[in-house]
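Undergrad: Let's see this in three dimensions:
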Amino acid sequence: MKKMIWLIHREYWENKTLLVWTHAALALIIALLYSIARGAPSYQFSGKFVEPADMDMLQTQFVLSWLADSFMFSSALLSLLLPLLMTAYCISSLFNDRQDRSILFWQSMPVSGVQTLLSKLVFALLLLPLATFIFSLLTALLVLIPQIVRLQMAGLHANVFAGVFGNPVLLITPLKVLALLPLYVLWALPTVGWLMLVSAWARSKPALWAVGTPLLTVGLLALLNNNLSLGLNMRWLEFNVIGRGLMSSIPGSWFAYAKLLSKDDVSCMRSFSGWPGDMFRPSLDMFAKPELWCGVLLGIVMLVMAVYFRQRRDIG
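TA: The predicted model follows:
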């Protein structure tokens, strides 16, 4: 256990910029842009703009509820940053050790290849999503608090701070998002396994191999399917080879996959548009889907292969 903690510390210190400072910079940029873009607070009711000081009780309650409901919307860009950071880390995680020959040092240490890969897996699937969640929460607060101050100073006839932070939706939303972390870890495993396998196997240009191989595979199958009338389900192949292989690390991407499998195309979109309240229960339903566990099994197989190549692959 001490070795694992030490290895995770190593990953943290070697990738601190990726984990902390990139998130912090984007969070600060979002908060600054939002504060600059927002003018004096005013809201539209029945086609008319109403100043905060002129709002009645129902309008006031609507505004306070809207602020609570949209608490984490402003931090959505950080969730889009997560798959980019995860892809960059996984592609370089095992390749860089071979490129700078530091793998010879780590192989001489009393640390197994499995322990090394598990530490990188913890960094990619646990520390990076947790950092995104924490900085998303901070970004949401940096955006929300100035709004509360402006509304209160604009003469709204209510305690804005108590009305917003006393709303159960605002308090439950971060907990629901955090509760989806186990699902995200399992769903992203095929992408992480594939990227780490390429990182351990490729002798050069791992990013090109990681992206090009699925695209060329699907493109070749589509060409053969059109010319030879093989009857392949290309939509299924695109979602599983390209989608699951390269884009499973996108938060909420399981909804796109559920839409592919569902006969009711509208139900998935309604669930996705109701983020995060309506998103929570349909997300939990994914644990009962065999597609999730098949992806987990495939991801584990690719991680085992990555350990094998890490021990034997070298850059000539």
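
Undergrad: distance of Phe312 from Met305?
TA: For the record, residue 312 is Arg, not Phe. Distance from Arg312 to Met305, counting by Cβ to Cβ, to the nearest Å: 11 Å. Every C-beta, even on glycine, is put in place using the N, C-alpha and C of the backbone.

Undergrad: So for those two, which residue has more residues nearby?
TA: Met305 (16 against 10; other Cβ atoms under 10 Å).

Undergrad: And stretch 215-231, what's buried?
TA: Neighbour-count burial for stretch 215-231 flags Val218, Leu221 (criterion: 16 or more other Cβ atoms under 10 Å).

Undergrad: Return the distance of that stretch from the chain's centre.
TA: Here stretch 215-231 is found 31 Å from its chain centre; the criterion is Cα atoms, centre = their mean, to the nearest Å.

Undergrad: send the alpha carbons of that stretch over as CSV?
TA: Extracted C-alpha coordinates of stretch 215-231, given in CSV (Å, rounded to 0.1, in the frame of the first residue of the first chain):
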residue,chain,number,x,y,z
LEU,A,215,-10.8,5.9,-37.7
LEU,A,216,-9.0,3.8,-40.3
THR,A,217,-10.6,0.6,-39.1
VAL,A,218,-14.1,2.0,-39.3
GLY,A,219,-13.4,3.7,-42.6
LEU,A,220,-12.0,0.4,-44.1
LEU,A,221,-15.1,-1.5,-42.9
ALA,A,222,-17.4,1.1,-44.3
LEU,A,223,-15.7,0.9,-47.7
LEU,A,224,-15.9,-2.9,-47.7
ASN,A,225,-19.5,-2.8,-46.5
ASN,A,226,-20.5,-0.5,-49.4
ASN,A,227,-18.6,-2.4,-52.1
LEU,A,228,-19.3,-5.9,-51.0
SER,A,229,-22.7,-5.5,-49.3
LEU,A,230,-21.6,-7.1,-46.1
GLY,A,231,-24.6,-5.8,-44.2
